[in-house]
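In: After the sequence you'll find the predicted model.
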Amino acid sequence: MLLSDLHTNDIDETERQLKIVNNSAISAYKLLEDILAWALSQSGKLPFEPKELNLRFCCDKVVEMLKPNACNKNISIDIAIPEKIMVFADANMLNCILRNLISNAIKFTSLGGYIKIYSEQNNSETSISVFDNGIGISPEILPRLFENTQIHSLKGTANEKGTGLGLLLCKKFVEKHGGKIWAESMFGQESVFKFTLPFNTELSGGIKKECC
């Protein structure tokens, strides 16, 4: 349809249709990634190869992929993570965690909203947070977000859909690293999802630093 109408549509209409195609492609990619990761994790065949990664680079990579979705809703994303912060993690699993948390933040944030990704470190672990000033999470759902007994798939502020597997994958992958994940929210105002990645000084000391 887009190709057949290319010569008759004006530039704005063509741009609108291209955005729809691009968003559909991103959604399909995320859907397939989550389903594949879930299937592999359930079968125990998902590789776990942790190494030292540059956290800022990993976040930049995910945000760049999701930028079209954020731009369509005029959502600004602030990555407040220093460029030298390193974490010890499996690159594919960390990418999946960040992708799901950031895409969820975009999904449940209204037009003109704001998302901030930031980190903190202490002597034993790195804490990564994804904050949004979106619609928040109801008190009834909040305690059950990461339970695998019930899959939650709610529509976003622009009627975006999902599989409901994202947060379950996040929990499984964070715990695989020995970390924790949780959410805090003020219903109707904001939410922040946080997870921790413990240091692994015995293994990371002799491992080459790499990017995601």
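Out: Good, I have the coordinates. If you're wondering where the values come from, they're calculated on a predicted model, not measured in any experiment.
In: Which parts of this structure are strands?
Out: 50-54, 76-80, 86-90, 114-121, 125-132, 181-186, 190-198 (DSSP state E).
In: What pairs with the longest one, parallel or antiparallel?
Out: This points to strand 190-198. Using DSSP bridges, strand 190-198 pairs in its sheet with strand 125-132 (antiparallel), strand 181-186 (antiparallel).
In: Tabulate those strands in CSV, adding columns for distance to Val174 and mean pLDDT.
Out: The way it works is simple: take the backbone N, C-alpha and C, and place the C-beta from them, glycine included. Shown next, in CSV, are the strands paired with strand 190-198 (distance: least, CB to CB, whole Å; pLDDT from 0 to 100):
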stretch, distance to Val174, mean pLDDT
strand 125-132, 10, 98
strand 181-186, 4, 97
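In: With Leu55 as the reference, name the closest of those strands.
Out: strand 125-132 (7.0 Å; CB to CB).
In: Next, the angle strand 114-121 makes with the closest one.
Out: For strand 125-132 against strand 114-121, the angle by axes from the mean of the first three to the mean of the last three CA atoms, to 10 degrees is 170 degrees.
In: List of residues touching strand 125-132?
Out: If you take CB atoms under 8 Å, 6 or more residues apart in numbering as the criterion, strand 125-132 is touched by 55, 85, 87, 98, 101-102, 104-106, 108-109, 113-121, 179, 190-199.
In: same question, stretch 99-108
Out: Taking CB under 8 Å, 6+ apart as the rule, stretch 99-108 contacts 30, 33-34, 62-63, 65-66, 69-70, 73, 75, 77, 115, 117, 130-132, 134-135, 154, 156-157, 160, 162, 166-167, 169-170, 191, 193, 195.
In: winner for burial among the strands of the chain?
Out: strand 86-90 (a mean of 22; mean count of other CB atoms under 10 Å).
In: between that one and strand 125-132, how big is the angle?
Out: 90 degrees.
In: just checking, what packs against strand 86-90?
Out: On a contact count with 3 or more CB pairs under 8 Å, 6 or more residues apart in numbering; DSSP states H and E, strand 86-90 meets strand 50-54, strand 190-198.
In: Could you check the angle that strand makes with strand 50-54?
Out: Using the same axes, to 10 degrees, strand 86-90 lies at 140 degrees relative to strand 50-54.
In: I'd like the average pLDDT over strand 86-90.
Out: Mean pLDDT, computed over strand 86-90, is 95.
In: and if you look at stretch 96-114?
Out: For stretch 96-114, the mean confidence score works out to 95.
In: Tell me which of the helices and strands packed on strand 86-90 sits nearest to Val174.
Out: strand 190-198 (4.7 Å).
In: If you rank every helix and strand of the chain by mean pLDDT, what lands last?
Out: Lowest by mean pLDDT, DSSP states H and E among the helices and strands of the chain is helix 201-204, with a mean of 44.
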